[in-house]
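Chemist: Predicted structure and sequence below. I'll ask about it afterward.
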Amino acid sequence: MWVKVKAIIWLHTLRLWRYGMSFINMVLSQMLWILLFIMGVLLFVPPEHLTVALRMAYWTIAAWSIISSFSSLVGGWTSFFILMGMVEEHLLRNTSPFTTIIGRVLTGTTVSFAIIIVMGYAFSWIFGRVLMTVEQPALMLLAFLLLIVESLSYALSISATSMRTSISEQFLEILNFGIIGLLIVPVSALPGYARLIYLTIPYVGPTYMVKVAIGSESPVLVKWATSISLIEAVLMVLIALRLMKSVEDHVRRNGVRAVGFW
Amino acid sequence: MGLWTLLKSGLILDIYFFKNNRAQLVSMFAWPYILLVLMLGMGFLFGSAETFKSNVGVEADPVVFFVASTLIAMASMSVMWEVGGTVLFHRWTGTLPYMLIAPYRISVTLVMSYIPRYLLWSFMQLAEFVPVLIWREGLVGGLADALVMGLAIVIGMLPLLGFAAIFGSFLLTIKEETNVLSWLNPIVLILSGAFYPAYLFPLWARFLSMILPTTYTFELARISSLLGAPKLAEMTFLIAVLLGMSIFYNALSFTLMGKAEKKALKSGAV
């Protein structure tokens, strides 16, 4: 088992190194697209609220970067993996193809954290505001861990689904982008009864924890958010494992559908 | 093979593209609204329309302002990807050598076969925004705004095609094209003042934005968002600048594309 893990870590580290230009491009281009978007939003913000708005927007987009990077770099990579004929190669060597796909967590984490750091420094420099300070580092760390687990589970679920049926990449992109709108809404802006319901939406709980960690949201619901997010993360992991198991059984019997994403 | 054949082939390609790729068609309609709703939603969440007016320094309707910005941003992105990025697409599919030996220069083929797509896509997206414009400005005002935006789409296309062909010729001569194309595109949009007017930039950025044709296309389209009587003098000035730029950029692209083609053929880059 250890040999397989070592091989997978080696593969993804080597790919990250060899596709160095692609890595830099991904970080730079995502930062620039976000800057383009943020500049439009800032036209509405009065100068005295600029720091608060920028901090909230930056950390929400940081959380979203993890979700987006994982779904494209882990889930989206599946189509390449299928097209290369790697699913069959892995099955012939009695190795689950999903172990290699799970290894993309290395790429997803590196890319998303590189984006968050580069974006933080670039935005702080461009707008002349300090954005990267955190009031509760432990809560922030837990929130990001939960985001990684939830995003990875989602990515593995769509990866498994794409081995049995086609998944429209266009719709996934729309869904990915639409999530920002969902995450940016402050819990305090909602009526009392809707707050807990809002926190049950996947990714919303950990993002609320991020906002509490930077002091942008009141911590009243933080215990609820943590509990809900933990339960959700476990459920999402179980769903992803179940899906991977059933798809692997199906693929071993019927072969892989070389459709993937389109 | 006449130029009409190239235009026709572009049109037929698009019709079949839509017919066979419904998800792409739905996504083409969905993206502008998603972008608009997110930007306005976040804007009104953090601020107000009054602050918007004070920040941009003109009496403008923020909704119409961002409709115009979104529309031109989508059109500019499309030109850069479809004309500039087509070189990349043909390289991947292995059809670039055939394009190089075709009777027309690659720049002519790229531009002529793309024009129907640009007009079709841009006017379809403009049509989907017409209800929003009518909601903001009333029937006559909304249709007048749509007319100004339509004019910006057509006039703005002329220099943009040459500009994108220069971009394409640059891609012909380099490697790692995807890595260049993905970050140059947002830089061009940022410097053109896509969502943040270029006249609010620092001096060095304003100078760069002045040489980009997209800057004037955005300004022309956004005239529709100004409250009160339409600024005809400003519109005429922007149209004149765009026409002048279209002569310059298309002449430049014709020269550069030829050189890039020769270089690509010589080095075996295709």
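Modeler: Sure, I can see it. Numbering: from 1, shown residues only, chains lettered A, B, ... in the order given.

Chemist: Tell me who's in contact with residue B:127.
Modeler: With contact set as Cβ atoms under 8 Å, 6 or more residues apart in numbering or on different chains, residue B:127 has no partners. Backbone N, C-alpha and C define where each C-beta goes, glycine included.

Chemist: Against residue A:108, how distant is it?
Modeler: 39 Å (Cβ to Cβ, to the nearest Å).

Chemist: Tell me how many other residues crowd residue A:72.
Modeler: Neighbour count of residue A:72, defined by other Cβ atoms under 10 Å in any protein chain shown: 19.

Chemist: wait, isn't it in contact with residue A:175?
Modeler: No - Residue A:72 is beyond contact range of residue A:175, at 11.5 Å (criterion: Cβ atoms under 8 Å).

Chemist: by contact count, what packs against the longest helix belonging to chain A?
Modeler: When chain A is parsed with DSSP state H, its longest helix is helix A:222-254. If you count contacts as 3 or more Cβ pairs under 8 Å, 6 or more residues apart in numbering or on different chains; DSSP states H and E, helix A:222-254 packs onto helix A:86-92, helix A:97-102, helix A:137-161, helix A:192-199, helix A:204-213.

Chemist: by how many degrees do it and helix A:192-199 diverge?
Modeler: Put simply, helix A:222-254 runs at 40 degrees to helix A:192-199, going by axes from the mean of the first three to the mean of the last three Cα atoms, to 10 degrees.

Chemist: How far off centre is helix A:222-254?
Modeler: 15 Å (Cα atoms, centre = their mean, to the nearest Å).

Chemist: Please apply the same query to stretch A:177-194.
Modeler: The answer for stretch A:177-194 is 18 Å, by Cα atoms, centre = their mean.

Chemist: Repeat that for stretch A:90-109.
Modeler: The answer for stretch A:90-109 is 18 Å, by Cα atoms, centre = their mean.

Chemist: quick one: terminal-to-terminal distance for that stretch?
Modeler: 24 Å (Cα to Cα, to the nearest Å).

Chemist: Show me what from chain B comes close to chain A.
Modeler: Taking Cβ under 8 Å from any Cβ of the partner chain as the measure of proximity, chain B contacts chain A at B:23-24, B:26-27, B:30-31, B:34, B:37-39, B:41-49, B:51-52, B:55-56, B:62, B:66, B:69, B:176, B:178-180, B:182-183, B:185-187, B:189-190, B:194-196.

Chemist: Can you flag which of the residues you listed belong to strands?
Modeler: Residues of those located in strands (DSSP state E): none.

Chemist: and those, which of them are in helices?
Modeler: Counting by DSSP H, the residues of chain B next to chain A contribute B:23-24, B:26-27, B:30-31, B:34, B:37-39, B:41-46, B:49, B:51-52, B:55-56, B:62, B:66, B:69, B:178-180, B:182-183, B:185-187, B:189-190 to helices.

Chemist: Can you turn the buried subset of those residues into a selection I can paste into ChimeraX?
Modeler: Of those, the buried ones can be selected in ChimeraX as follows, counting by 16 or more other Cβ atoms under 10 Å in any protein chain shown:
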select /B:27,30,31,34,38,39,42,43,45,46,51,52,55,56,62,66,69,179,180,182,183,185,186,187,189,190
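
Chemist: Now the most centrally placed residue in chain B: closest residue in space that isn't a chain neighbour?
Modeler: What sits nearest the mean C-alpha location of chain B, by Cα atoms, centre = their mean, is residue B:76, with 1.7 Å. Closest residue to residue B:76 apart from its sequence neighbours, by Cβ to Cβ, 6 or more residues apart in numbering or on different chains: residue B:214 at 4.9 Å.

Chemist: right, is stretch A:70-81 up against chain B?
Modeler: No - Stretch A:70-81 lies out of reach of chain B by Cβ under 8 Å from any Cβ, never closer than 12.9 Å.

Chemist: CA-only coordinates of that stretch in CSV, if you can.
Modeler: Provided in CSV are the C-alpha atoms of stretch A:70-81 (Å, rounded to 0.1, in the frame of the first residue of the first chain):
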residue,chain,number,x,y,z
PHE,A,70,-10.8,21.0,-6.4
SER,A,71,-13.8,20.6,-8.7
SER,A,72,-11.8,21.4,-11.8
LEU,A,73,-8.4,20.0,-10.8
VAL,A,74,-9.7,16.8,-9.2
GLY,A,75,-13.1,16.2,-10.9
GLY,A,76,-12.2,17.8,-14.2
TRP,A,77,-9.0,15.9,-14.5
THR,A,78,-11.0,12.6,-14.7
SER,A,79,-11.7,13.2,-18.4
PHE,A,80,-8.0,13.4,-19.2
PHE,A,81,-7.4,10.3,-17.0
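
Chemist: For it, buried residues please.
Modeler: A:70-79, A:81.

Chemist: Quick check: mean pLDDT of it?
Modeler: Taken as a whole, stretch A:70-81 carries a mean pLDDT of 84.

Chemist: Residue 161: how many residues sit nearby?
Modeler: Using chain A. 15.

Chemist: I was thinking of chain B, sorry if that wasn't clear
Modeler: 24.

Chemist: Looks like it contacts residue B:117 (just checking).
Modeler: No - counting by Cβ under 8 Å, residue B:161 stays clear of residue B:117, with 11.6 Å between them.

Chemist: Could you list the low-confidence segments of the stretch 1-150 of chain B?
Modeler: B:1, B:84 (pLDDT under 70).

Chemist: can you give me the helices in it?
Modeler: B:3-20, B:22-46, B:49-56, B:62-79, B:85-93, B:96-101, B:106-173 (DSSP state H, counting those that start in this stretch).

Chemist: relative orientation of the fifth one and helix B:177-191 in degrees?
Modeler: Compare the direction of helix B:85-93 with that of helix B:177-191 by the same axes, to 10 degrees and you get 170 degrees.

Chemist: now do the fourth one
Modeler: Between the axis of helix B:62-79 and that of helix B:177-191 there is an angle of 150 degrees, by the same axes, to 10 degrees.

Chemist: again, but for the third one
Modeler: Taking the same axes, to 10 degrees, helix B:49-56 and helix B:177-191 form an angle of 100 degrees between their directions.

Chemist: Not counting helix B:49-56 itself, show me its contacts.
Modeler: Under Cβ under 8 Å, 6+ apart, the answer for helix B:49-56 is A:42-46, B:43, B:59-60, B:62, B:65, B:197, B:200.

Chemist: Skip the chain neighbours and tell me the closest residue to residue 135.
Modeler: The chain I'm using is chain A. The nearest residue in space to residue A:135 (Cβ to Cβ, 6+ apart) is residue A:215, at 4.6 Å.

Chemist: actually it's chain B I care about, not the one you picked
Modeler: residue B:142 (7.4 Å).

Chemist: quick one: contacts for the one you found?
Modeler: Contacts of residue B:142 (Cβ under 8 Å, 6+ apart): B:130, B:133-136.

Chemist: make it 7 Å
Modeler: B:130, B:133-134, B:136 (Cβ atoms under 7 Å, 6 or more residues apart in numbering or on different chains).

Chemist: Let me have the residues you listed in TSV, extended by distance to residue A:20.
Modeler: Shown next, in TSV, are the contacts of residue B:142 (distance: Cβ to Cβ, whole Å):
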residue	distance to residue A:20
B:130	46
B:133	46
B:134	51
B:136	48
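
Chemist: residue contacts, the closest residue to residue B:187 other than its chain neighbours?
Modeler: The spatially closest residue to residue B:187, leaving aside those adjacent along the chain, is residue A:32, at 6.2 Å (Cβ to Cβ, 6+ apart). Shown in contact with residue A:32 (Cβ under 7 Å, 6+ apart): B:183, B:186-187, B:190.

Chemist: Please give the element, helix or strand, for residue A:32.
Modeler: For residue A:32, the host element (DSSP states H and E) is helix A:20-42.

Chemist: Residue A:122 too?
Modeler: helix A:105-127.

Chemist: before we move on, back to that, now do the SS call for the residue nearest to residue B:76.
Modeler: The assignment at residue B:214 comes out as helix when based on DSSP: H, G, I helix; E, B strand; the rest coil.
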